[in-house]
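S.K.: Starting from these lines, generate the structure:
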Amino acid sequence: MVGVCTSVCKTNIDDLVRDEWVDALIKMGVMYCWYHIYRPVGPEPNPDLALTSEQQRRVRQFVVDTRVNKPIVVIDAYHDDAGNALCPAVTGFTHHIGPWGDIEPCPVIQLATETIHDARPLAEKFNAPGFLKDFRELTAGQTRGCVIMERPDLLVELAERHQARDTTARGAVIEELKRVTPRRSQYQPGQEIPERSFVYRWAKKYAFNDFGTYGRHFDPTRYRDPDRVESST
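M.R.: Take a look at the predicted model:
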């Protein structure tokens, strides 16, 4: 099975978010594609490449439309069946295992306290009190979007509280997070775009959803005003 994963940014959105690109993938025998939103993090972030709120909605609409118009699987892990934003790591549906076996919240949050080399079962490591559990609860109480984009300060505080180790070779994640400028992510209240495909709506509702995470923890009154956050970028 061949798939294509892309990171959509301002310089490639017009090339990738269009029917001609998807048609070319289908012609080459690609079975699934995945659209990521570029996140300006890491040692050399480029905020000028980050998508605006309108461009993020454009990508979401394209994904929803492509699912009913093209014979290709389009993966999207950042919205539920009704179009509500979510973070897969916050739901507990998925975490990321780094190249040295560190269990990180997600690929772009390179901090950990747990490792696969510990003999305990993964389920126990995921759910035991500690860094991962506190990450899910803290983030779910602040946003339905990407915490590294919206509230990098929370990650710094959490990492320092749990003495989470930097899982990179460069050893500069905390300082990089402190330099991140908060910006809007996929959580855009009132702008939800629900799934059009019955199959995807069913699958997301019953096989992949927020598992009640946000219902238990999320308090929208604590969320920073998206327009004010974006205007600061």
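
S.K.: count of neighbours near Arg39?
M.R.: For Arg39, the tally of surrounding residues (other Cβ atoms under 10 Å) stands at 20. For every residue, glycine as well, the C-beta is placed using N, CA and C.

S.K.: Could you say which helix or strand holds it?
M.R.: Arg39 is located outside every helix and strand, with elements delineated by DSSP states H and E.

S.K.: where are the low-confidence patches of this structure?
M.R.: Within the chain, the stretches falling below the threshold (pLDDT under 70) are 225-233.

S.K.: Let's see that with 80 instead.
M.R.: Low-confidence segments of the chain, defined by pLDDT under 80, are located at 208, 221-233.

S.K.: Which parts of it are strands?
M.R.: Defined through DSSP state E, the strands belonging to the chain, from first to last, are 3-8, 32-37, 73-75, 96-97, 102-104, 111-112, 114-115, 165-166.

S.K.: Make a markdown table from the ones you listed and add mean neighbour count and distance to Ala140 to it.
M.R.: Putting the strands of the chain into a markdown table (neighbours: other Cβ atoms under 10 Å; distance: least, Cβ to Cβ, whole Å) gives the following:
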| stretch | mean neighbour count | distance to Ala140 |
| --- | --- | --- |
| strand 3-8 | 15 | 25 |
| strand 32-37 | 18 | 20 |
| strand 73-75 | 16 | 22 |
| strand 96-97 | 16 | 18 |
| strand 102-104 | 21 | 17 |
| strand 111-112 | 24 | 18 |
| strand 114-115 | 19 | 19 |
| strand 165-166 | 16 | 24 |
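
S.K.: So which of the ones you listed is nearest Arg201?
M.R.: Comparing the strands of the chain by their distance to Arg201 (Cβ to Cβ), the top pick is strand 73-75, with 13.7 Å.

S.K.: So which elements touch the closest one?
M.R.: With contacts defined as 3 or more Cβ pairs under 8 Å, 6 or more residues apart in numbering; DSSP states H and E, strand 73-75 has these neighbours: strand 32-37, helix 53-69.

S.K.: between the strands of the chain, which one is nearest to Leu138?
M.R.: Using Cβ to Cβ as the measure, strand 111-112 is the one of these that comes nearest Leu138, at 13.1 Å.

S.K.: I figured Val63 was touching Asp76, is that so?
M.R.: Yes. Using Cβ atoms under 8 Å, Val63 makes contact with Asp76 at a distance of 5.3 Å.

S.K.: More neighbours: which of the two?
M.R.: Using other Cβ under 10 Å, the more surrounded residue of Val63 and Asp76 is Val63, with 21 against 18.

S.K.: which non-adjacent residue is nearest Ser53?
M.R.: Nearest non-adjacent residue to Ser53, counting by Cβ to Cβ, 6 or more residues apart in numbering: Arg184, 5.2 Å away.

S.K.: The one you found and Ala50, how far apart?
M.R.: Distance of Arg184 to Ala50, given as Cβ to Cβ, to the nearest Å: 9 Å.

S.K.: thinking again about what came up before, kindly reformat the strands of the chain as CSV containing distance to Pro129.
M.R.: What follows is the strands of the chain, written out as CSV (distance: least, Cβ to Cβ, whole Å):
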stretch, distance to Pro129
strand 3-8, 34
strand 32-37, 31
strand 73-75, 32
strand 96-97, 20
strand 102-104, 15
strand 111-112, 16
strand 114-115, 12
strand 165-166, 18
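
S.K.: among those, which is nearest Arg151?
M.R.: Comparing those against Arg151 with Cβ to Cβ, the closest turns out to be strand 111-112 (14.4 Å).

S.K.: Counting by contacts, list what that closest one packs against.
M.R.: strand 102-104, strand 165-166.

S.K.: thinking again about what came up before, for the helices and strands packed on strand 73-75, which one sits closest to Asp166?
M.R.: Among the helices and strands packed on strand 73-75, the nearest to Asp166 by Cβ to Cβ is strand 32-37 (22.8 Å).
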